[in-house]
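>>> Next one to model:
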Amino acid sequence: MSFPRASGVLLHPTSLPGRFGVGDLGPEARRFADFLGEARQTLWQVLPLGPTGYADSPYQSFSAHAGNTLLVSPDLLVEDGLLDASDLARLPRFDTERADYGAAIEFKAGLLARAFENFKGGRAERLRADFDEFRTREADWLEDYALFRAIKSERGEVSWTEWEQPLVRRQPEALSAAREHLKDKIEAQRFYQFLFFRQWSGLRAYCHERGIKIVGDIPIFVAHDSSDVWARPHLFKLDDRGRPRVVAGVPPDYFSRTGQLWGNPLYEWDAHLAENFAWWIERFSGTLHTIDIVRVDHFRGFAAAWEIPAGDETAERGRWVKAPGHELFSAVRDALGVLPIIAEDLGVITPDVEELRDRFGFPSMRIMQFGFNEPPHLPHNYTRNMCVYTGTHDNDTTVGWFNSEAGRGSTRTAEQIERERRHALDYLASDGREINWDFIRAVLASVADTAIVPAQDVLGLGSEARMNLPATTSGNWAWRLREGALTGEHAARLRRFSELYERNVAEEAAGVLSME
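Prediction:
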C-alpha cells in the first residue's frame, strides 16, 4: 500500500466537547473536521469505535463489529424527527471537564429508547427502508450482537458465562425461546446500531468532502464478554465452561515493571486456519466499510502473542506462542485486496515481526517520546514507510512527558528523566518553552510518509490531559476538549508546517487512499 505524504490529528470522538456528558457524532464532530480542513490536515485518527464495557475502554468492546451507541448525537436524532427538542430541554448536571460515562450512559439509554418507541409509532418513516436494508446487510454479526445485548440486559449485564447453561452453550431451543421472549429488545438493539452507523456514515462523508480520511483502530484481541466469543467459542482458547484458559498481555515493558495483564482470550489459531480465517476477513471487511485506514493494534501478536495463565494477577509468567500471521494476512489480501494497514509494531519486536510487517508492506510506527531512550524512534532514523507520532493515546502528553517526575505513573528514574530531557533540548535546539510544537515540527518535517499528533499536543496540555495510563484500570479515557480550545491560531501553525514540509495535498490523499 502506497501512502501519500500526509499528517493529521488524533482525537477520539468521546473527547469532543458538548452538552451531553460525552463527545458524540453531532455538530462538534463536524466543527472538528472543519478545524482539520482549515489546518490542512487530511487524517483524523480515532480509537476503536465499538460499544465499551469494562472501565469504558475502547479496547474492551462487546463486539468487534458493532458501534458505540454512546456516541449517537441527540441533536441529530432531533434533526431526524426521532426526538423532540423538548426531550433535550432538561439535562442532568454532567461533568463538563471529563467524560461523564456513568451519567451519559443512563441519560442516552433513555433517549435511544424514546427514539425507538417514536420510530415504532410511525415517526421518521422515511428511515424505514434504510433500516430494513441495514438489518439485511449486517445480519451476519448484527443478529448475534442484538440477541447477546438483549439477553445480557435482562440478566443485569452479567457476563455470558453466568447465564443459564443452555444459553451459554447456544442450544437452538434456548436461542429460539430467547428470540421470541426478547424480540422487542432485540429489535431495539438493531435500531440503535442503525442510528450509530447512520450518523457515523454522515460524519465520514462530511470528512471526505473536505479531503479528510479516517484512521481507525482494530484491536488484535476482543473482549471475553463479547458477542464474538459467545457466538464462536471454538475460535478462542476457552475451557468447557466458556472461561479463558490463557489470557493476553505483554511482558514487563516501558509502561509497567510487571507487564500488562489485558485479560482478553487468546485465539485458537487452528480453528481459524480450518475456516480460512473467515472471521478475520469479515472483521477487516466491516472495518474498512467504516474507516479508511486501519491501525492494527499490537501487530506483534500476529507473529507471537504473550500467553498468561488465566488467574494470574500480573503478566510476568507469560510465554510467547507463535501465531500464523503470514497465513492470515495472505487470506485477507486474497479476499479483499491490498489493504491500507498501519502496523502498530511497538514493544518487544523480534525479526519475525519485522519480516511479517515487511512482507506485506505495512508501514511501521515510531513514537518520538521513546526516541530519547530508544534512538530508532528519533526522526533522523525514520524511513518513508512509517507512521510517526509525537505520542499516542497510551503516552503522556508531550508537555507531561517533558515535565514528568519519577514515580508518577512512570517506570523511569529521576536520572533517566533528566538525561532524556537534556537530550531532547539538545536534539531540537529548544529552550523547552514550546516543547510540544518542537516535537510537532520534528515529526512533520521528517521523511516519514504519515505523521499524526494528538490534539493534546497541539494544545500544549500537561499530564492532566493524558488519555490512558497502561496497566491501570480506572481514571482513563475521560479527557475532553474544551469548547473553542482549538483556535484559528492552532490551525494556522499546523497549516504552516504542513505547507512548509509538503504534507497533505488533499486531492492526492483522497485519490490514493479511497477504498470506495
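
>>> Strands of the protein, residue ranges please.
Here the chain has its strands, by DSSP state E, at 6-10, 43-45, 213-218, 246-250, 260-265, 293-296, 304-309, 319-322, 341-343, 364-367, 386-389, 450-454.

>>> so what strands line up beside the last one?
Sheet neighbours of strand 450-454, with direction, are listed as strand 6-10 (parallel), strand 386-389 (parallel) (DSSP bridges).

>>> can you tell which of those is closest to Phe196?
strand 6-10 (21.1 Å; Cβ to Cβ). (Glycine included, C-beta is placed from N, CA and C.)

>>> okay if I get the strands of the chain as JSON lines plus distance to Ala124?
Output for those, formatted as JSON lines (distance: least, Cβ to Cβ, whole Å):
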{"stretch": "strand 6-10", "distance to Ala124": "34"}
{"stretch": "strand 43-45", "distance to Ala124": "28"}
{"stretch": "strand 213-218", "distance to Ala124": "26"}
{"stretch": "strand 246-250", "distance to Ala124": "42"}
{"stretch": "strand 260-265", "distance to Ala124": "38"}
{"stretch": "strand 293-296", "distance to Ala124": "33"}
{"stretch": "strand 304-309", "distance to Ala124": "45"}
{"stretch": "strand 319-322", "distance to Ala124": "50"}
{"stretch": "strand 341-343", "distance to Ala124": "37"}
{"stretch": "strand 364-367", "distance to Ala124": "43"}
{"stretch": "strand 386-389", "distance to Ala124": "40"}
{"stretch": "strand 450-454", "distance to Ala124": "37"}
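
>>> among those strands, which is nearest Arg149?
strand 260-265 (19.2 Å).

>>> Which helix or strand in the chain has the lowest average pLDDT?
Here the helix or strand of the chain ranked lowest by mean pLDDT, DSSP states H and E is helix 506-513, holding a mean of 45.

>>> any weak-confidence spans in this structure?
The chain contains residues with pLDDT under 70 at 254-255, 408-410, 505-516.

>>> remind me, longest helix of it?
helix 183-209 (DSSP state H).

>>> by how many degrees do that helix and strand 213-218 diverge?
Computed by axes from the mean of the first three to the mean of the last three Cα atoms, to 10 degrees, the angle separating helix 183-209 from strand 213-218 equals 140 degrees.

>>> re earlier: which stretch among the strands paired with strand 450-454 comes nearest Asp345?
Closest of these to Asp345 is strand 386-389, at 10.0 Å (criterion: Cβ to Cβ).

>>> Tell me the buried residues in that closest one?
386-389 (16 or more other Cβ atoms under 10 Å).

>>> got it, and stretch 168-176?
Under the neighbour-count criterion of 16+ other Cβ under 10 Å, stretch 168-176 has 168, 174-175 buried.

>>> Pull out the CA atoms of it and give them to me as PDB.
What follows is stretch 168-176 as a C-alpha-only set of coordinates in PDB (Å, rounded to 0.1, in the frame of the first residue of the first chain):
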ATOM      1  CA  VAL A 168     -24.100 -20.400  27.400                       C
ATOM      2  CA  ARG A 169     -23.900 -23.400  25.100                       C
ATOM      3  CA  ARG A 170     -26.200 -21.800  22.500                       C
ATOM      4  CA  GLN A 171     -28.600 -24.700  22.300                       C
ATOM      5  CA  PRO A 172     -31.100 -24.000  19.500                       C
ATOM      6  CA  GLU A 173     -34.200 -24.300  21.600                       C
ATOM      7  CA  ALA A 174     -32.900 -21.800  24.200                       C
ATOM      8  CA  LEU A 175     -31.900 -19.300  21.500                       C
ATOM      9  CA  SER A 176     -35.300 -19.600  19.800                       C
END
